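Asker: Please find the sequence and the predicted model below.
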Amino acid sequence: MGDWTEITVGNVDVMSFKNRIPLYSVLMFDESDLQYDIEREPIYNDDGNEIIGYEEERLYKFKSTVKKVKQVLANRGIDEDFCCRTFDTLRASIVWVGGEDEEVPNTVDYSIYKQLLQARLFPTNSVTTQDSDFDEFARYRAIEEALFESDYPSFFWGEHGHAFDEELTVVYLRTIFDVAPENAEVTLAIAPLTNYEGMYETLYGDFVAMMLRKIELDYHIYGFVIHNDPNIDIRLQSKIERLSEDSFINQILIPLMRTMGFADVKPVSSHGQGEFGKDILPFRKISEFNTMRYVAVQAKAVSIHGSAGKSGNAGELLTQALNAFRVAFFDGSDNERKRIDEFVIATNKDVKAEAKRTIEEGIEGDRRITFLDLYRVVELIKRYKLIEYVLFSIVEETN
């Protein structure tokens with residue numbers, strides 16, 4: 001009894017669920033993948049012998065291809081490298097191979113794990129295994145269930161699940177997509193779940209909202225572990241300094257400025273002559289004296305230095321700062337033209353002393369320059385309680 005739905009790859013059912021759709025199953029899709037088929041049911045007359053019309057029902061599903069699913073997951077940080085690292089982190093050192101006291105060293109690495117899934121779901125003549133322990137183990141237990149048990153106390157796993165069920169399932173699904181044909185269709189049918197009370201058209205947004213709520217509650221419950229971590233500064237620095245310039249702007253600086261109470265914080269939509277020396281459009285905040293303070297930001301993903309001819313040099317940034325102070329902008333809050341009061345130079349690296357001195361000496365009058373290097377950014381992230389967001393919500397780490 002109950003309604004069932006499943007994830008299928010090509011003609012293979014790889015996972016099924018009863019009366020629910022787990023949040024992780026939607027990770028592999030985006031909003032454009034929500035589609036529907038129309039099913040027509042005949043309507044008969046009172047005698048039941050003549051069709052007098054049809055009743056149409058939309059059967060919703062998420063539909064994509066293996067190639068696109070892999071790209072969506074990679075954009076969200078769930079790539080082959082993530083799977084390999086997670087596999088190595090959670091794999092057991094000893095596995096049970098059936099029978100009493102039949103335990104052997106776990107010689108299964110991630111590449112063998114992929115071979116097993118391919119042999120089981122998408123068999124080819126090229127898949128072979130040389131390890132006799134692996135062959136024996138595979139005969140007795142499904143590898144995705146047994147690989148991760150032995151190194152954890154029994155109360156963290158058992159017949160009702162594993163402490164890392166979601167993580168292991170995500171690795172399982174992502175690995176399936178690596179061994180499946182790239183043109184194979186991937187579907188998650190949701191029409192059988194007839195007890196959904198919302199609008200199917202908004203279902204993807206509902207899933208995202210639930211994910212955010214889950215993350216928020218998990219942070220609330222387990223956040224004390226992060227805040228008590230003596231290496232928290234190093235972890236934050238390592239995460240932030242690997243970001244590209246665009247990611248540093250969009251995923252660090254803009255959320256940080258908004259959390260600090262600034263309004264109308266937006267990135268410059270395109271770079272060029274209209275930029276006037278800033279990466280984030282002028283934004284504002286009411287001061288303690290009830291006056292409006294206007295700020296703009298120039299961001300870099302390189303060290304700020306004094307060497308001419310290289311990105312991040314002091315001369316280039318001084319020119320950008322002077323342009324930002326000189327050029328008026330339109331403030332949509334009162335439809336008047338304004339000029340900024342403060343120019344922020346932010347980097348996810350460091351600011352050299354000579355570069356800072358060059359820029360400060362080139363600014364005349366009461367114009368204010370603020371420098372945010374990696375260490376000050378980390379301090380602000382901690383002060384405004386964005387630690388969990390930075391550590392767990394930002395997935396792009398390529399500079």
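Answerer: Here it is on my side, so go on.
Asker: where are the low-confidence patches of the protein?
Answerer: Under the criterion of pLDDT under 70, the regions of the chain flagged as low confidence span 1-2, 95-102, 124-162, 192-200, 269-278, 394-399.
Asker: most centrally placed residue in it?
Answerer: For the chain, the residue whose C-alpha lies nearest the mean C-alpha position (CA atoms, centre = their mean) is residue 76; its distance is 3.7 Å.
Asker: For it, what are phi and psi?
Answerer: Dihedral angles phi and psi of residue 76 (degrees, to the nearest 10) take the values phi -100, psi 10.
Asker: Surely it and residue 24 touch.
Answerer: No - applying CB atoms under 8 Å, one finds residue 76 not in contact with residue 24, separated by 11.0 Å. (Each C-beta comes from the backbone N, C-alpha and C, glycine too.)
Asker: quick one, strands of the stretch 101-250 of the chain?
Answerer: Using DSSP state E, counting those that start in this stretch, the strands found in the stretch 101-250 of the chain span residues 103-105, 157-158, 161-162, 185-189.
Asker: if I look at residue 386, how far off is residue 68?
Answerer: 31 Å (CB to CB, to the nearest Å).
Asker: try residue 164
Answerer: Counting by CB to CB, the gap from residue 164 to residue 68 is 27 Å.
Asker: and what of residue 58?
Answerer: Distance of residue 58 to residue 68, computed by CB to CB: 23 Å.
Asker: With residue 230 instead?
Answerer: Taking CB to CB as the criterion, residue 230 is separated from residue 68 by 42 Å.
Asker: When those two are compared, which one has more neighbours?
Answerer: residue 68 (17 against 6; other CB atoms under 10 Å).
Asker: can you confirm the more buried one is in a strand?
Answerer: No - remark: residue 68 does not belong to a strand; assigned using DSSP: H, G, I helix; E, B strand; the rest coil, it is helix.
Asker: wait, what's in contact with it?
Answerer: Counting by CB atoms under 8 Å, 6 or more residues apart in numbering, residue 68 touches residue 33.
Asker: okay, now the residue nearest to residue 252 when sequence neighbours are not counted: neighbour count?
Answerer: Spatial nearest neighbour of residue 252, chain neighbours left out: residue 240 (6.1 Å); criterion: CB to CB, 6 or more residues apart in numbering. Around residue 240 there are 22 other residues, counting by other CB under 10 Å.
Asker: Just to be sure, residue 261 is in a helix?
Answerer: No - secondary structure of residue 261, determined by three-state DSSP: coil, with no helix assignment.
Asker: What sits closest to residue 321 if chain neighbours are left out?
Answerer: Counting by CB to CB, 6+ apart, the residue nearest residue 321 is residue 343, at 4.7 Å.
Asker: which element is that neighbour on?
Answerer: Following DSSP states H and E, one finds residue 343 within strand 342-347.
Asker: That strand - contacts with which helices or strands?
Answerer: For strand 342-347, the contact count by 3 or more CB pairs under 8 Å, 6 or more residues apart in numbering; DSSP states H and E identifies strand 292-300, helix 314-326, strand 368-372 as packing neighbours.
Asker: and whichever helix or strand comes after the shortest one, how far from the chain's centre?
Answerer: Under the assignment DSSP H and E, the closest C-terminal helix or strand after strand 368-372 is helix 374-383. The gap between where helix 374-383 is centred and where its chain is centred comes out at 21 Å by CA atoms, centre = their mean, to the nearest Å.
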